[in-house]
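Asker: Next input, structure requested:
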Amino acid sequence: QVRWGEGHRIDLSLHYVTSTAQHIHRAPVMKSARRLVAFLGLTAFGMAAFYGVVHFDLARFASLKVPQSAHAHHTGPRLNTTGHAHLTSSDVTTPDDTPAQDMPEVVRWYCNSPHTLEGEEGQVQGGFRLKGVFVVSRHGDRVPMETLPNVKYNYNSWACKLDPDKWPSHPLLSSFPEAAEKLRRSPNVFARSAKGVANMSPYPNSAGGPSRLTQTGVAQLLRVGEKLRKAYIESNLLPIENADSQFTIFTTPYSRTYQSAIAMMYGVLQNDLLKIRVHQENNVLFCGASCDCPIKNKYLKRFKSVDSKKFHQDAEFINALKDVAKTLDSNVANVRYKIIDALFGHLCNKLQLPCTSHTHACLERAHARNVLKYVNQDEAQRREPFNNYSRLAIQPLLSTIARKMVRISEENTKGANFEVYSGHDMTVTPLLSVLGLTHARWVPYASHVVMEMWERDRHEEQTTFEKNSTITKLKRLELKQTAMQFEDKYVRIVHMGTDVTNRLEFCSGKTQQNLCPLKEFVDFAEQGVFQKFGTNNYREACRP
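Answerer: The predicted structure follows:
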């Protein structure tokens, strides 16, 4: 049997940089420990859709048989990781919490340190009403998933108990625990599928441990929620009503995604947090009953093959790993799966880099620079196999959102709904690839894609949209006829605060004032995703 620990091992960069993710499965609620063990093997491949690079092997990753470096390791009088010391802000980060100049830019980008967010969410010209908001997000900052060889972490070094007086803080951080705690006394908040998360603390409130959400992660999602509150609630685009299903969370069954979703929704709703409805999804791709797609793994294998070939040809990266392994008194095979996650886990939280517990040798900043510079390297030959995988991996979620939009248009309700899908990097990365926004790139903590649904305000005799439209009357009539079933409904997509609707291929030539006809989005989600495979449906595309 394969030992997955907190989850399976996945390479994070162009060259076998690996982390792990907790086991997630789409089966019904577990009834016994035996069923828990059984489902792990069935779903491991579904966990692999993420990052700038994915290298995944159920049997075990192929060993890299390279000689260790003779690079001398540091043995100076530094604290080892059994007694982590917080470094000064100027050592790991500049005063505004961005990485020091000697670190690759990817550190600042990936860590995504909490800061005031501004975004283009909700910014549509007059004549339209908001009908729905669908947010697909990654959880916030977390503790590394596994320890490095010969390193013993002091997990108390990571702030996994909230303290508003410590960095990083947020104005809502002091009131968040009390508000979130009320959820545990409100069983009606949880759907039947959410029995697992209903028994979890809705906020970090324990000693640190592998994969635990940190205070940094909470602050990140509070910021995202605060931004969305300004965009939709305070602007009165989305008035808070008494409907039970107006604000809905779908979360994978792990504390870091559940707590991230609650933090985001507290930023959005604040005193109205109890109006949420929580559902649990046991697959990181939110694919429900449509997770079985054998050929999906074939495309993933091709993607791995491209990365594997490139990795073995890059002597510089191999040497960087050998230097790390030498310092930790270990070997490349034992560090390559864990090093990127470990480095980010320390740098993002302003902690001293790891030291061994027996020799007290410590990783230096040069080690971090030499390894991290390979994260998110992008090459054309990597894009197609990952995009093929992503289309089949994320299509069920796209279809779910598209069908919900159609249902909203058919029901013609007055209010607007708000849904959050709180997932992982392997949720967001395939989505971005399918939308054509990134190509197999690792995504930062608290990454989020917002899909807005808009309806033309029928009470307007002639909207600004119509007045400023550059299309002819005949073309406008044709467009109206083909989209009649959606009754003038439109979609707008915002990625990390930036409106990207005009960049979507399926909306090309059809957007007007950054609004894409709902029909185009639905057609893409239900059929267009599969055109690359010479078919128009999921079953045929998944056939080996």
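Asker: for this protein, which spans come out with low pLDDT?
Answerer: Applying pLDDT under 70 to the chain flags the ranges 1-101, 310-311, 378-380, 459-487.
Asker: can we see that at 50?
Answerer: Residues of the chain meeting the criterion pLDDT under 50: 1-99, 461-466, 483.
Asker: Buried ones in the longest strand along it, by neighbour count?
Answerer: The longest strand of the chain (DSSP state E) is strand 128-138. Buried positions in strand 128-138, judged by neighbour count with 16 or more other C-beta atoms under 10 Å: 128-138. (Each C-beta comes from the backbone N, C-alpha and C, glycine too.)
Asker: Adding distance to Gln215 as columns, could you present the residues you listed in a markdown table?
Answerer: Formatted as a markdown table, the entries for the buried residues of strand 128-138 read as follows, by distance: C-beta to C-beta, whole Å:
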| residue | distance to Gln215 |
| --- | --- |
| Phe128 | 39 |
| Arg129 | 38 |
| Leu130 | 32 |
| Lys131 | 35 |
| Gly132 | 32 |
| Val133 | 27 |
| Phe134 | 28 |
| Val135 | 22 |
| Val136 | 24 |
| Ser137 | 18 |
| Arg138 | 17 |
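Asker: and which of these is nearest to Lys296?
Answerer: Checking the buried residues of strand 128-138 against Lys296 with C-beta to C-beta, the nearest one is Val136 at 18.8 Å.
Asker: Pull out the buried residues from stretch 328-348.
Answerer: 328, 330-333, 335-348.
Asker: Put the alpha carbons of stretch 138-150 into PDB.
Answerer: The C-alpha atoms that make up stretch 138-150 are tabulated as PDB, following Å, rounded to 0.1, in the frame of the first residue of the first chain:
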ATOM      1  CA  ARG A 138      -8.200  28.400  -2.500                       C
ATOM      2  CA  HIS A 139      -7.800  28.200   1.200                       C
ATOM      3  CA  GLY A 140      -5.500  30.500   3.000                       C
ATOM      4  CA  ASP A 141      -2.000  30.100   4.400                       C
ATOM      5  CA  ARG A 142      -1.300  26.900   6.200                       C
ATOM      6  CA  VAL A 143       1.300  25.000   8.000                       C
ATOM      7  CA  PRO A 144       3.500  22.700   5.800                       C
ATOM      8  CA  MET A 145       2.000  19.300   5.200                       C
ATOM      9  CA  GLU A 146       5.100  17.200   6.000                       C
ATOM     10  CA  THR A 147       8.300  17.700   7.800                       C
ATOM     11  CA  LEU A 148      11.700  17.700   6.100                       C
ATOM     12  CA  PRO A 149      14.000  14.800   6.900                       C
ATOM     13  CA  ASN A 150      15.900  15.100  10.200                       C
END
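Asker: chain center to stretch 519-539, what's the gap?
Answerer: Relative to the chain's own centre, stretch 519-539 is displaced by 24 Å; criterion: C-alpha atoms, centre = their mean, to the nearest Å.
Asker: got a list of contacts for it?
Answerer: Applying C-beta atoms under 8 Å, 6 or more residues apart in numbering, the contact partners of stretch 519-539 are 290, 293, 387-388, 391-392, 395-396, 398-399, 401-403, 405-406, 434, 482-483, 485-486, 491, 506-507, 510, 540-541.
Asker: Buried residues, that stretch. List them.
Answerer: The neighbour-count criterion (16+ other C-beta under 10 Å) identifies 519-522, 524-526, 528-530, 533, 538 as the buried residues of stretch 519-539.
Asker: send the alpha carbons of that stretch over as PDB?
Answerer: Taking C-alpha atoms only, stretch 519-539 is exported to PDB below (Å, rounded to 0.1, in the frame of the first residue of the first chain):
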ATOM      1  CA  LYS A 519     -25.700  31.400 -23.500                       C
ATOM      2  CA  GLU A 520     -22.000  31.500 -24.400                       C
ATOM      3  CA  PHE A 521     -20.900  30.500 -21.000                       C
ATOM      4  CA  VAL A 522     -23.500  27.700 -20.800                       C
ATOM      5  CA  ASP A 523     -22.600  26.400 -24.200                       C
ATOM      6  CA  PHE A 524     -18.900  26.400 -23.300                       C
ATOM      7  CA  ALA A 525     -19.400  24.600 -19.900                       C
ATOM      8  CA  GLU A 526     -21.700  22.000 -21.400                       C
ATOM      9  CA  GLN A 527     -20.200  21.400 -24.800                       C
ATOM     10  CA  GLY A 528     -17.400  23.700 -25.800                       C
ATOM     11  CA  VAL A 529     -15.000  22.300 -23.200                       C
ATOM     12  CA  PHE A 530     -15.100  19.000 -25.100                       C
ATOM     13  CA  GLN A 531     -14.600  20.300 -28.700                       C
ATOM     14  CA  LYS A 532     -10.900  19.800 -28.300                       C
ATOM     15  CA  PHE A 533     -11.500  16.100 -28.000                       C
ATOM     16  CA  GLY A 534     -13.800  15.900 -31.100                       C
ATOM     17  CA  THR A 535     -17.000  15.500 -29.100                       C
ATOM     18  CA  ASN A 536     -19.600  17.500 -27.300                       C
ATOM     19  CA  ASN A 537     -20.300  15.600 -24.100                       C
ATOM     20  CA  TYR A 538     -18.500  14.400 -21.000                       C
ATOM     21  CA  ARG A 539     -19.200  10.700 -21.400                       C
END
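Asker: which strands and helices sit next to the following helix or strand past the longest strand of the chain?
Answerer: Next along the chain after strand 128-138, taking DSSP states H and E as the criterion, comes helix 176-184. Of the remaining helices and strands, those touching helix 176-184 by 3 or more C-beta pairs under 8 Å, 6 or more residues apart in numbering; DSSP states H and E are helix 255-269.
Asker: which helices and strands does the helix it packs on pack with?
Answerer: strand 128-138, helix 176-184, helix 215-228, strand 247-251, strand 276-280, strand 417-423.
Asker: and if we set it to 7 Å?
Answerer: Helices and strands touching helix 255-269, by 3 or more C-beta pairs under 7 Å, 6 or more residues apart in numbering; DSSP states H and E, are helix 176-184, helix 215-228, strand 247-251, strand 417-423.
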